[in-house]
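K.L.:
Got a sequence here, can you build the structure:
(3 chains)
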Amino acid sequence: MPELPEVETVRRGLEPAMEGKHFTKVEVRRGDLRWPLPKDFAQRLKGKTVTGIGRRAKYLLADLSSGDVLLMHLGMSGSFHVFQEKDRQLGRYHRQREKHAAHDHVVFHMSSGATVTFNDPRRFGSMKLVPRTKLDAEPFLKGLGPEPLGNAFDAATLARACRGKKTSLKAALLDQRVVAGLGNIYVCESLYRARLSPKRTASTIADRKGEPNQRAERLVESIKAVLNEAIKSGGSSLRDHQRTDGELGMFQHNFRVYDREGKPCPTPGCGGTIKRIVQNGRSTFYCPLCQK
DNA sequence: AAAAGCCCCTGGACGC
DNA sequence: TGCGTCCAGGGGCTTT
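P.N.:
Numbering: from 1, shown residues only, chains lettered A, B, ... in the order given. Below you'll find the model as predicted:
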């Protein structure tokens, strides 16, 4: 489900509930997520204080007073829900949770009285405890490319990463080693805004020396703009993504191409029709007329 | 080494 | 209403 804007939305929702608080109780109802949680998972969290919650690409990282970092990934269908004591008193907890409670796999009880529930129907999500001193060597994080919203991500960086790549631009942008945090939606939307075809060979945004051309400039600008707008809207809610307060993200209403097969291209004067193709086994939506 | 394919899993939408 | 089929915001691992 969640790409960078959704994960960032979740991070911001978890922050007030968890930062500076300690775990009073941790329930593991189903430990068989993408990778099984270790036997001592709950025990290693209990009593520890969350000193901060960060994000790297689509990973959430909770820094703990024990020196561990709790690494969390939402997979395709994972979500976190925060309930305050007053929610429970008002009966909100029960009303909102009963339908999905079967997939509440991990529950954090925080010293603030807040309950943080990890729900994940497909169980592609994961959690892992890593000593902070070993974070640099963490395999899941090690190969990740630059953060697309960071200053280090610019046309030169992207062009260098795409230099000599024979694969499609779409596949290159989905590759987390090239740029970290984009997924199927925001790749499609970025390519549309940059007026670049998803079928274009990735290396064509750079010259032979790997220097960026004007396509690379446009693409980087589009990526940053789309992600920033999406974060402002609380992400996109298609099937599973919700904010930690249960409210929906709103960016799906701003999709220009994603999931809009057969609809008119929104580019003024274009007159094209959004097409769906399959690349590397995943849907791509684009306008064949104005995306070259 | 790079690129593409396979798979993990559940549920919703669709056609018959 | 009850199937069966296809599809889904990811990504590690395996194969080509």
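
K.L.:
gap between residue A:52 and DNA strand C?
P.N.:
21 Å (CB to the nearest atom of the strand, to the nearest Å). C-beta here means a position set from N, CA and C on the backbone, and glycine is covered the same way.

K.L.:
Next secondary structure after the particular helix or strand that has that residue in it?
P.N.:
In the assignment (DSSP states H and E), residue A:52 maps to strand A:50-56. On the C-terminal side of strand A:50-56, the nearest following helix or strand under DSSP H and E is strand A:59-64.

K.L.:
now the helices for chain A?
P.N.:
Assigned helices in chain A, in chain order: A:4-18, A:41-45, A:85-89, A:92-97, A:139-142, A:155-162, A:169-174, A:184-193, A:214-232 (criterion: DSSP state H).

K.L.:
Could you pull out the buried residues of the strand holding residue A:52?
P.N.:
Across strand A:50-56, burial judged by 16 or more other CB atoms under 10 Å covers A:50, A:53, A:55-56.

K.L.:
May I ask which two of those residues are separated the most?
P.N.:
Comparing every pair within the buried residues of strand A:50-56 by CB to CB identifies A:50 and A:56 as the most remote, at 16.3 Å.

K.L.:
What is the neighbour count of the nearest residue to residue A:171 once chain neighbours are set aside?
P.N.:
Spatial nearest neighbour of residue A:171, chain neighbours left out: residue A:280 (5.3 Å); criterion: CB to CB, 6 or more residues apart in numbering. By other CB atoms under 10 Å, 11 other residues sit near residue A:280.

K.L.:
show me the contacts for residue A:280.
P.N.:
Residue A:280 makes contacts with A:168, A:170-171, A:174, as judged by CB atoms under 8 Å, 6 or more residues apart in numbering.

K.L.:
swap in residue A:58?
P.N.:
A:2-4, A:7, A:73-74, A:180-181, A:183.

K.L.:
Pull the most distant pair out of the residues you listed.
P.N.:
Spanning the widest gap among the contacts of residue A:58 are A:74 and A:180, at 14.8 Å by CB to CB.

K.L.:
between the two, which one's more packed in?
P.N.:
Neighbours were counted for residue A:74 and for residue A:180 using other CB under 10 Å; residue A:74 has more, 25 against 21.

K.L.:
any idea how far DNA strand C is from the more buried one?
P.N.:
Applying CB to the nearest atom of the strand, the value for residue A:74 to DNA strand C is 7 Å.

K.L.:
what's the nearest residue to that residue if we skip its chain neighbours?
P.N.:
Going by CB to CB, 6+ apart, residue A:74 has residue A:2 as its nearest residue, at 4.6 Å.

K.L.:
distance of that neighbour from residue A:87?
P.N.:
23 Å (CB to CB, to the nearest Å).

K.L.:
Which of those two has more residues huddled nearby?
P.N.:
Neighbour count, other CB under 10 Å: between residue A:2 and residue A:87, residue A:2 has more, with 26 against 20.

K.L.:
For residue A:80, name its beta-bridge partners.
P.N.:
Judged by DSSP bridges, the bridge partners of residue A:80 are residue A:118.

K.L.:
My guess is the residue nearest to residue A:74 contacts residue A:72. True?
P.N.:
No: the criterion here is CB atoms under 8 Å, and residue A:2 misses it with residue A:72 at 11.1 Å.
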